[in-house]
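# pasting the sequence and the predicted model now:
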Amino acid sequence: MTPDLDVAVIGAGIAGLTAAHELRRAGLTVRVYEELPAVGGRMRSVRHEGWTVDTGAEQVAPRGYRATWELLRRLGATPYDVPRVGGGVAVWRGGRAYPGVGENSSVLTGAGLSARARLDLAAFQAWSGRRRGGFDGDHPERTPLGAATVRETASRYHRELHDYLLQPVAGCFFGWDTARSAAAPLVSLLLEAGAPSAWRTYRDGMDFLARRLAETTDVVTGRAVREVTTAGEGSGGGSGGASGGGGHAVLRFEDGETVRARAAVLAVPAPVAARLRPDAPADERSFLDACSFTSMLKVSYLLDRPLAPAARRPVHILLTPAVEEELISGVVVDHAKHPGRAPAGHGLVTVVAGPHRVRELLDRAPDETADLLLHAAERYVPGITAARRHHLVHAFRHGLPEATPKALRTRAPFLARPVRAVEYAGDWVMLRPASEGAVRSGALAAARVLARLADRGTPAPHPTEEIRATA
C-alpha cells in the first residue's frame, strides 16, 4: 500500500518541530501529530490577562547552543527576540540569598560557599578546564567523569560543593536526585553554557521557537497516537537488518484511524516512545528502557506587585538546597528574567517543587499543591501570599531525562544502530536536558531519515553542517 505521506512526526515539541523543519527543507511531505492542543511540548507558554507564563524554565546561552542559534537565524529571529535575562542566580543558605552562582567570580565572592569549599571549587574548575576538550555535550558518555553520579563526583571535594552548588543546580534545573543521575551531562552542559549573567531568554515566551517553526509546518494538534509499528519488507522486531528493516511506518490513533508513512520520528520522552513502539528492536530497546525521566512540578503565581527575594544583586533564580529546604528546589522570578512576563506594576514568580516531593505532590489536588508551595515560598519571597492574584500549576510526569549511568553506558550502541523506518528525537537522545539537546536530536533524526530514504532511491540534501548533530 502506498504511504499517505513521506514522514510522520509524533510530538510537536522543539525536537519534533526541528526534525519536521529539516525534512521539509529537503522537499519531503511531513506532518506532525501532537496530543496536546498547542505546540511546544515542555516549552509551552500560557497567556493569561497580560501575563506570559512559561511552563518550563529554559534559558539560551550565547555559547554551547550552536544549533539553536543557527535555527533562530534561519527563522529570521533577531537579538530583539532573544534578550539577555535580567538578574543572576543565587543560592539560599542560613537565612539569606547569596548571588553569583555559576559566575567566574564565585571562587572569590563565595556564592554561598565557605572559604575552604571555594578552594575545592577552584580545584574542580582547574581540573575540568584542563580537560575541557574531553567534555563534549554531544557525547557525555565519553567524558573523563565516566558514569559516576553527581554525588559520587562531588564526594571527592568539600561537601558544600554538593550541598550548595551541584545538588541545588541539578535539583532545581533538572529535578535530579544526585545519587541517581550521572555528573557528565551536567558538567558538560555547565561548561558549555557559561556564566548565567550572559544567558538569554525569549522576549515573547519560551514557546517562541516552537511557534516560529510551526508557522511553516503541517501540524495536527489534539491528535493522540496510540502505537507506531513497521510494515513491509523485513518488518517486525529483531535487529531490523543492516539497511533499516521495515518498509514503512504505521501510526494507529486513539480513534482507530491508521496513517502510513515512509518514515516516522518519535519525538516524545523515552518512556512514551517505548510504549508507542512495541516492536522496537533490541539495539533500540536497551537505551529506551534506560532513559528514565524525572517528574517536574512547578506553580506560577501571578502577583499584584513585583516581589523578589532580597539579595545584594537582582536575581531571577534562587536555588534552595535540599539541606535547607526539601519541599521546594527553587524560585524563579519571571518578571526579573524579562519584564514582559507580567503587566506593568505586577509580578510573576514560579516555585519549583523539590525532586523528592514531586511524586507525592502530583497526586494532590492542584490548588492544594499551589497553597502548600506558596506557604513554603513565603520564607524566600515575603509577602507573596498576600500578593497572589491567580496561580497556574504545571505538572510533567516526564519532565527531563534523568541521565543515569545505565543510560550513558547504553547510548553508544543506540547511536550505532542502522537507520530504520522509525527514528527518535528528544533531549534524551543526546542525554542533554536542555532545548539545545532537543534541537540537535531533531536534526540528527532528520539526517537519519534522509539517509535511509536516499538509500532507497530518494536522494535529498542533508541538514546544514551548522545544525546537524554528530553521532
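Received the coordinates, thanks. Numbers count the residues shown, from 1 in each chain.

# and the residue lying closest to residue 42 once chain neighbours are set aside, what does it touch?
Nearest non-adjacent residue to residue 42, counting by C-beta to C-beta, 6 or more residues apart in numbering: residue 56, 5.1 Å away. For the C-beta atoms, the positions are set from N, CA and C on the backbone; glycine is no exception. Going by C-beta atoms under 8 Å, 6 or more residues apart in numbering, residue 56 touches 42, 43, 44, 206, 394.

# give me the element residue 98 is part of.
For residue 98, the host element (DSSP states H and E) is strand 96-99.

# out of the contacts of residue 56, who's the most crowded?
Using other C-beta atoms under 10 Å as the neighbour criterion, residue 206 leads the contacts of residue 56 with 25 neighbours.

# that one contacts residue 45, correct?
Yes. Using C-beta atoms under 8 Å, residue 206 makes contact with residue 45 at a distance of 5.5 Å.

# so what sits against both of the two?
Counting by C-beta under 8 Å, 6+ apart, the contacts common to residue 206 and residue 45 are 54, 55.

# closest to residue 427 out of the contacts of residue 56?
For these, the residue nearest residue 427 by C-beta to C-beta is residue 42; the value is 8.7 Å.

# part of a strand, is that closest one?
No. Assessed with DSSP: H, G, I helix; E, B strand; the rest coil, residue 42 is helix; it does not lie in a strand.

# what sits against it?
13, 55, 56, 396, 399, 400.

# min pLDDT across those, which one?
Scanning the contacts of residue 42 for pLDDT, the low point is residue 56. It has 84.

# did I read that right, that residue in a strand?
No. Applying three-state DSSP, one finds residue 56 to be coil, outside a strand.

# report all helices and strands that the host helix or strand of residue 351 contacts.
Residue 351 belongs to strand 347-353 when assigned by DSSP H and E. Applying 3 or more C-beta pairs under 8 Å, 6 or more residues apart in numbering; DSSP states H and E, we find strand 347-353 packed against strand 51-54, strand 293-303, strand 328-333, helix 334-337, helix 366-377.

# mind redoing it with 6 Å?
strand 293-303, strand 328-333, helix 334-337 (3 or more C-beta pairs under 6 Å, 6 or more residues apart in numbering; DSSP states H and E).

# just those: most buried one?
Mean neighbour count (mean count of other C-beta atoms under 10 Å) peaks for strand 328-333 among the helices and strands packed on strand 347-353, with a mean of 26.

# now do that strand against strand 293-303, angle only.
If you take axes from the mean of the first three to the mean of the last three C-alpha atoms, to 10 degrees, strand 328-333 sits at 40 degrees to strand 293-303.

# who does strand 328-333 pair up with?
Sheet pairing here is set by DSSP bridges, and for strand 328-333 it gives strand 315-319 (antiparallel), strand 347-353 (antiparallel).

# residues touching the first one, excluding its own?
Think strand 315-319. 85-91, 97, 99, 168, 172, 309, 330-333, 336-337, 380 (C-beta atoms under 6 Å, 6 or more residues apart in numbering).

# the nearest residue to residue 302 once chain neighbours are set aside: how many residues sit nearby?
Among residues not flanking residue 302 along the chain, residue 390 sits closest, at 4.3 Å (C-beta to C-beta, 6+ apart). Other residues lying near residue 390 total 14 when counted by other C-beta under 10 Å.

# what's the answer for residue 47, then?
Residue 47: 11 neighbours (other C-beta under 10 Å).

# just the CA trace of the longest helix along the chain, in CSV.
The residue-count maximum for a helix in the chain (DSSP state H) belongs to helix 435-455. Output of helix 435-455 as CSV, limited to C-alpha atoms (Å, rounded to 0.1, in the frame of the first residue of the first chain):
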residue,chain,number,x,y,z
SER,A,435,16.4,22.8,24.4
GLU,A,436,19.8,22.6,22.6
GLY,A,437,19.7,18.8,23.1
ALA,A,438,16.2,18.7,21.6
VAL,A,439,17.2,20.8,18.5
ARG,A,440,20.3,18.6,17.9
SER,A,441,18.3,15.4,18.3
GLY,A,442,15.7,16.7,15.8
ALA,A,443,18.4,17.5,13.3
LEU,A,444,20.1,14.1,13.9
ALA,A,445,16.7,12.2,13.4
ALA,A,446,16.1,14.2,10.1
ALA,A,447,19.6,13.3,8.8
ARG,A,448,19.0,9.6,9.6
VAL,A,449,15.6,9.6,7.8
LEU,A,450,17.1,11.3,4.8
ALA,A,451,20.0,8.8,4.7
ARG,A,452,17.5,5.9,4.7
LEU,A,453,15.3,7.4,2.0
ALA,A,454,18.3,8.3,-0.2
ASP,A,455,19.5,4.7,0.2
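
# residue 305: which of the contacts of residue 56 is nearest?
Nearest to residue 305, judged by C-beta to C-beta, of the contacts of residue 56 is residue 394 at 22.5 Å.

# I'd say the closest one and residue 54 touch.
No. Residue 394 is beyond contact range of residue 54, at 8.7 Å (criterion: C-beta atoms under 6 Å).

# next secondary structure element downstream of the helix or strand bottoming out on mean pLDDT in the chain?
Here the helix or strand of the chain ranked lowest by mean pLDDT, DSSP states H and E is helix 106-109, holding a mean of 83. Next helix or strand after helix 106-109 toward the C-terminus (DSSP H and E): helix 115-130.

# can you report how many residues neighbour the closest residue to residue 298 other than its chain neighbours?
Nearest residue to residue 298, sequence neighbours excluded (C-beta to C-beta, 6+ apart): residue 352, at 4.6 Å. Residue 352 has 25 neighbours, counted by other C-beta under 10 Å.

# turn the contacts of residue 56 into CSV, including distance to residue 135.
Listed next are the contacts of residue 56 as CSV, based on distance: C-beta to C-beta, whole Å:
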residue, distance to residue 135
42, 25
43, 25
44, 31
206, 26
394, 31
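
# from those residues, pick the one nearest residue 26.
residue 43 (24.4 Å).

# wait, the closest one touches residue 209, no?
No. If you go by C-beta under 6 Å, residue 43 and residue 209 don't touch, sitting 7.3 Å apart.

# so what's residue 34 scoring on pLDDT?
pLDDT at residue 34 comes out at 97.

# which ones are touching it?
Applying C-beta under 6 Å, 6+ apart to residue 34 gives the contacts 12, 221.
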